[in-house]
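Asks: Next come a sequence and a model predicted from it.
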Amino acid sequence: MTDHSSHTGAQAQTLVTHVGRDAKLSQGLVSIPPYRGSTVLFDTVEQMKGASGHRAYGRWGTPTNRALERALAELEGGANAMLTPSGLSAITIALLASVKPGDHILVSDSVYPPTRTFCDTVLKQMGVATTYYDPLVGAGIKDLLQPNTSVVYTESPGSGTFEVQDIPAICAAAHAAGARFLMDNTWGTALCFNALRHGVDLSIHSLTKYVVGHSDALLGAIVVRDREVYRQVRGFHGAMGITVGPDDAFLGLRGLRTLAVRLRQHQENALAVAQWLREQPLVREVLYPALPGAPGHELWKRDFEGASGLFGVILKDASDGAVAAMLDGMRWFGMGFSWGGFESLVIPVKPGGYRMSSPLRHGEACLRIHVGLEHPQDLIADLRDGLQRLQAYRD
Ligand SMILES: Cc1ncc(COP(=O)(O)O)c(C=O)c1O
């Protein structure tokens with residue numbers, strides 16, 4: 001491990017420009033290049049027997065991969081981190097490494113739908129039972145914990161429904177019951193929400209979103225707070241043959257360097273767009289925790305240090321035809337899955353369809369908007385035209 005002590009006390013914006021850099025590894029270059037390779041050669045049998053990790057075989061990652069892993073661990077203050085080929089594989093590996101047949105897990109009812117699919121199929125087949133809990137349960141989660149609950153899993157704010165959860169309260173209850181606490185921290189990133197400092201054991205990221213930041217690679221990571229837990233999860237990750245190509249790790253590192261300034265701009269733009277949307281007669285509610293007065297704002301203010309650019313919008317007329325009338329013909333907003341890139345996106349959503357244990361207290365978002373780095377006035381003009389199309393459809 002790198003000596004992280006030299007960075008202690010630095011601001012996040014400074015950290016992202018420096019973490020994971022090692023002049024020796026990059027041969028003096030500012031940025032470590034993508035090291036490609038599978039086979040590592042040894043001079044002696046003794047050397048071969050003593051080799052481990054990326055110094056033994058490329059499947060354990062190249063120096064480029066290790067640089068990104070170290071950077072992510074340092075940013076969140078974790079013992080260590082591991083890369084995975086996508087955000088979803090980070091979720092599945094973190095869960096699989098933390099359960100055994102006969103276990104019970106608690107999963108927030110607001111999680112990314114493929115997480116739910118994984119629990120309902122693979123984990124179920126393995127004999128692991130899942131209970132979905134109300135994301136606003138807070139300390140009340142203690143009543144749902146069973147003697148065999150090995151994991152409490154959360155995503156906050158939920159990327160479809162945007163409830164902000166009381167992470168310290170849920171975490172304290174999970175730990176008191178001996179359960180591991182896992183969090184999909186993709187919305188907050190290490191910069192807006194330091195999950196590990198809030199007690200999370202495994203902080204899970206789809207780096208595909210803000211860290212890569214340019215919609216040109218898929219990548220995930222698991223950052224682990226405790227060294228022993230890291231060893232166990234990393235052993236599982238290795239046993240499953242999970243590996244990531246150096247070019248993708250390189251894109252993750254490149255994206256990381258500008259993460260702080262991009263996020264700040266995403267938040268500023270998203271606030272301007274969300275504020276404007278809230279005042280429109282066709283809009284019932286904007287689900288953006290960073291917006292004063294929006295659902296979850298108080299908890300967000302208590303626990304988060306910033307916000308990303310993803311939020312939900314509840315329209316007054318959410319019929320399929322009305323939503324399509326609005327979204328067909330957008331000028332700057334693209335329509336596509338994922339988020340976190342430099343560009344603005346909007347898609348129709350119906351997150352209530354898979355909710356199991358709890359009502360959508362704020363109503364059901366019908367649009368999911370990712371506000372990119374364009375000028376907010378252009379984005380607002382685009383949305384104004386879209387709402388006019390929606391109005392014309394209704395008339
Ligand atoms: C909250 C959240 N977590 C995880 C993922 C999965 O990430 P990936 O697309 O990198 O597999 C997504 C993807 O949209 C997501 O929104």
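Replies: That came in fine, so what should we check first?
Asks: Confirm for me that L282 is in contact with D317.
Replies: Yes. Look at L282 against D317 with CB atoms under 8 Å: they come within range, at 6.9 Å. Where you see a C-beta, it was placed from the backbone N, CA and C, and this is true even at glycine.
Asks: Can you pull the residues that touch both of the two?
Replies: Common neighbours of L282 and D317, using CB atoms under 8 Å, 6 or more residues apart in numbering, are L390.
Asks: Confirm that K301 lies within a helix, as I assumed.
Replies: Yes. Counting by DSSP: H, G, I helix; E, B strand; the rest coil, K301 falls inside a helix.
Asks: From the ligand, how far out is it?
Replies: As judged by CB to the nearest ligand atom, to the nearest Å, K301 and the ligand stand 21 Å apart.
Asks: what's the pLDDT at that residue?
Replies: pLDDT, K301: 98.
Asks: One more: T8?
Replies: In this model, T8 is scored at 66, pLDDT.
Asks: H4 too?
Replies: With respect to pLDDT, H4 has a value of 41.
Asks: now the end-to-end length of stretch 103-113.
Replies: 21 Å (CA to CA, to the nearest Å).
Asks: now check it, is it near the ligand?
Replies: Yes. Stretch 103-113 reaches the ligand (CB under 6 Å from any ligand atom) through Y112.
Asks: what's the answer for stretch 114-134, then?
Replies: No. Stretch 114-134 does not reach the ligand (CB under 6 Å from any ligand atom); its nearest approach is 6.8 Å.
Asks: now do the same end-to-end measure for that stretch.
Replies: So stretch 114-134: terminal residues 18 Å apart, CA to CA.
Asks: How far off centre is it?
Replies: Distance, stretch centre to chain centre, for stretch 114-134: 19 Å (CA atoms, centre = their mean, to the nearest Å).
Asks: For it, which residues meet the burial criterion?
Replies: T115, R116, F118, C119, L123, V128, T130, T131, Y132, Y133, D134 (16 or more other CB atoms under 10 Å).
Asks: now these in a markdown table, with secondary structure and pLDDT?
Replies: Below are the buried residues of stretch 114-134 laid out as a markdown table (DSSP: H, G, I helix; E, B strand; the rest coil; pLDDT from 0 to 100):
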| residue | secondary structure | pLDDT |
| --- | --- | --- |
| T115 | helix | 97 |
| R116 | helix | 96 |
| F118 | helix | 98 |
| C119 | helix | 98 |
| L123 | helix | 98 |
| V128 | coil | 98 |
| T130 | strand | 98 |
| T131 | strand | 97 |
| Y132 | strand | 97 |
| Y133 | strand | 96 |
| D134 | coil | 95 |
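Asks: tally of neighbours for the residue in the chain positioned nearest to the ligand?
Replies: Nearest residue of the chain to the ligand (CB to the nearest ligand atom) works out as G87 at 2.4 Å. Per other CB atoms under 10 Å, the neighbour tally for G87 reads 25.
Asks: which residues touch it?
Replies: When contacts are counted by CB under 8 Å, 6+ apart, G87 is found next to D184, T186, I204, H205, S206, L207, T208, K209, L218, L219, G220.
Asks: can we see that at 7 Å?
Replies: T186, H205, S206, T208, G220 (CB atoms under 7 Å, 6 or more residues apart in numbering).
Asks: Just want to check the distance between the most centrally placed residue in the chain and A97.
Replies: Taking CA atoms, centre = their mean as the criterion, T186 is the residue nearest the geometric centre of the chain, at 1.2 Å. From T186 across to A97, the span is 19 Å (CB to CB, to the nearest Å).
Asks: that older thread, of the contacts of G87, which belong to strands?
Replies: H205, S206, G220 (DSSP state E).
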